[in-house]
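Q: using only what follows, build the 3D model:
(one chain, ligands or ions: 1)
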Amino acid sequence: MLNLVLFGPPGAGKGTQAEFLIETFGLIHLSTGDLLRSEIAAGTQLGVEAKNLMDKGELVPDVVVIGMIKSKLENNKEAKGFIFDGFPRTVDQAKALDVLLNENGTPISAMLSLEVDKQELINRLLSRGKVSGRADDQDQSIIENRITVYGQKTLPLIEYYKPQGKHFGIDGMGTIGEIAGRLKVTVEKL
Ligand code: B4P
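A: As a prediction, the model looks like this:
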């Protein structure tokens, strides 16, 4: 069983490369960003509260996203493995994920960390914002806040996985195909 954390700043290509990894390795995709956007689209109370934070580029509380992941894991007990995309985003989320996976018997195999220049992140998100309608992709100051929050709350996760020998830095600059090729080489060696 393969459990991969697809990691990187906003716009690093997590959602994009997750599609390739699902097809190539037959894993189940768990994206907390997508799960939250589904709650928003369905107009749930959780969605309304999450939207307020997401539109400002802030993180949604740990307890909310951990609860969503817990129920997805419980509903996919027969999976060959998972790609966690955009989760964990805090050290507390990573600790909670370890507890949930220990109950299933298969820990995280690797953290694949996409490394991309800040200006390239901003360019990618602004260009997605022109077509996606995502409020958090349309304003440069919100994008910069997301990158700042990433540096403060999410980047420390590298120091959580590194001592476990699970951190793999991947050059996230270049074409989607080039980056997919680098991921494939790394995952095949696991
Ligand atoms: P996410 O949905 O995770 O959004 P993201 O960080 O922007 O990454 P995404 O995967 O969508 O984009 P990608 O880099 O693939 O999070 C949104 C918000 O939800 C967060 O800010 C937070 O509020 C909340 N949230 C989510 N998870 C949470 C958690 N665990 N805890 C708390 N809050 C949480 O792609 C970006 C663009 O770049 C795309 O248009 C793509 O086509 C393009 N692109 C990708 N690769 C490229 C390449 N190589 N070259 C050129 N363009 C490329």
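Q: can you confirm residue 6 is in a helix?
A: No - according to DSSP: H, G, I helix; E, B strand; the rest coil, residue 6 belongs to no helix; its state is strand.
Q: ok, which stretches of the chain are helices?
A: 14-25, 32-42, 45-54, 62-74, 91-104, 118-132, 140-149, 157-161, 176-188 (DSSP state H).
Q: for the ligand, give me its nearest residue in the protein.
A: Going by Cβ to the nearest ligand atom, the ligand is nearest to residue 33 of the chain, at 1.8 Å. In short, each C-beta sits where N, CA and C put it, glycine included.
Q: what about that residue, how many neighbours?
A: 19 (other Cβ atoms under 10 Å).
Q: residue contacts, it?
A: 15, 85, 86 (Cβ atoms under 8 Å, 6 or more residues apart in numbering).
Q: same check on residue 117?
A: If you count contacts by Cβ under 8 Å, 6+ apart, then residue 117 has residue 173 around it.
Q: what do you get for residue 179?
A: Applying Cβ under 8 Å, 6+ apart, the residues near residue 179 are 13, 17, 114, 170, 171, 172, 173.
Q: of these, grab the buried ones for PyMOL.
A: Of the contacts of residue 179, the buried ones go into a single PyMOL selection, burial set by 16 or more other Cβ atoms under 10 Å:
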select buried, resi 13+17+114+170+172
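Q: follow-up on the earlier one: just send the contacts of residue 33 back as TSV, with neighbour count too.
A: Shown next, in TSV, are the contacts of residue 33 (neighbours: other Cβ atoms under 10 Å):
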residue	neighbour count
15	16
85	24
86	22
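Q: circling back to that earlier point, adding mean pLDDT, write the helices of the chain out as CSV.
A: Rendered in CSV, the data for the helices of the chain read as follows (pLDDT from 0 to 100):
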stretch, mean pLDDT
helix 14-25, 95
helix 32-42, 96
helix 45-54, 96
helix 62-74, 95
helix 91-104, 93
helix 118-132, 95
helix 140-149, 96
helix 157-161, 98
helix 176-188, 97
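Q: residue 65: how many residues sit nearby?
A: Considering only other Cβ under 10 Å, residue 65 is surrounded by 24 other residues.
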